[in-house]
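[1] Provide a 3D model corresponding to the input given below.
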Amino acid sequence: AYKRKAPSTGEQLLVVCNFTPVVRQDYRLGVPAAGEYRQILNSDDKQYGGSGLATTDPIATEPVSWHGQEQSIVFTLPPLGVVFIKQAT
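    Numbering: from 1, shown residues only. Below is the predicted model of the structure:
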C-alpha cells in the first residue's frame, strides 16, 4: 500500500495492491484521518472483468491504530487486484 498527495490541494489517494490469488477478507488499512472513505477504483470490479468484490459503500474509520496511523478502515481486498481509496468526508 502507498499514499499519494496532491501538492496543490493536499488531497490524498490511498492505493492498496494485492499481488496474490488470495482474497483478503477484513483487510485493515491505517488511514491519515477519521471520517468516511470510498473506493474510487477497484480493478476487481465486474466492468474490468473481475469477480465483483468492489463496493461503492462508504467505509467508516475505526479508532484502531494500524500502519502507524491512529485511524483505520476495514474492507475486502480482492485477489490479484488494486484498490484506490479516497477520503469522502
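[2] mind checking pLDDT for residue 52?
    In the predicted model, residue 52 carries a pLDDT score of 83.
[3] Neighbours of it, how many?
    Residue neighbour count, defined by other Cβ atoms under 10 Å, stands at 12 for residue 52. For glycine as for every other residue, the C-beta is placed from the backbone atoms N, C-alpha and C.
[4] who's in contact with it?
    With contacts defined as Cβ atoms under 8 Å, 6 or more residues apart in numbering, residue 52 is in contact with 44-46.
[5] Dihedrals phi and psi, it?
    Residue 52 adopts backbone torsions of phi 90, psi 30, taken as degrees, to the nearest 10.
[6] Counting neighbours, which of the contacts of residue 52 comes out on top?
    Neighbour counts for those (other Cβ under 10 Å) peak at residue 44, which has 22 neighbours.
[7] if we can go back for a sec, can you flag which of the contacts of residue 52 belong to helices?
    Taking DSSP state H, every one of the contacts of residue 52 sits outside helices.
[8] Among those, which one sits closest to residue 69?
    For the contacts of residue 52, the closest approach to residue 69 (Cβ to Cβ) belongs to residue 44, at 24.3 Å.
[9] isn't that closest one right next to residue 53, touching?
    Yes. Taking contacts as Cβ atoms under 8 Å, residue 44 lies within contact range of residue 53: 5.0 Å.
[10] shared neighbours of those two, which are they?
    78, 81.
[11] Report the contact partners of the nearest residue in space to residue 55 that is not next to it in sequence.
    Excluding the flanking residues, the one nearest residue 55 by Cβ to Cβ, 6 or more residues apart in numbering is residue 39, at 6.1 Å. Applying Cβ under 8 Å, 6+ apart, we find residue 39 in contact with 54-56, 59, 75, 83-85.
[12] Using CSV, lay out the residues you listed together with secondary structure, neighbour count and distance to residue 20.
    What follows is those, written out as CSV (DSSP: H, G, I helix; E, B strand; the rest coil; neighbours: other Cβ atoms under 10 Å; distance: Cβ to Cβ, whole Å):
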residue, secondary structure, neighbour count, distance to residue 20
54, coil, 20, 18
55, coil, 14, 20
56, coil, 9, 24
59, strand, 18, 22
75, strand, 22, 16
83, strand, 26, 14
84, strand, 15, 19
85, strand, 23, 19
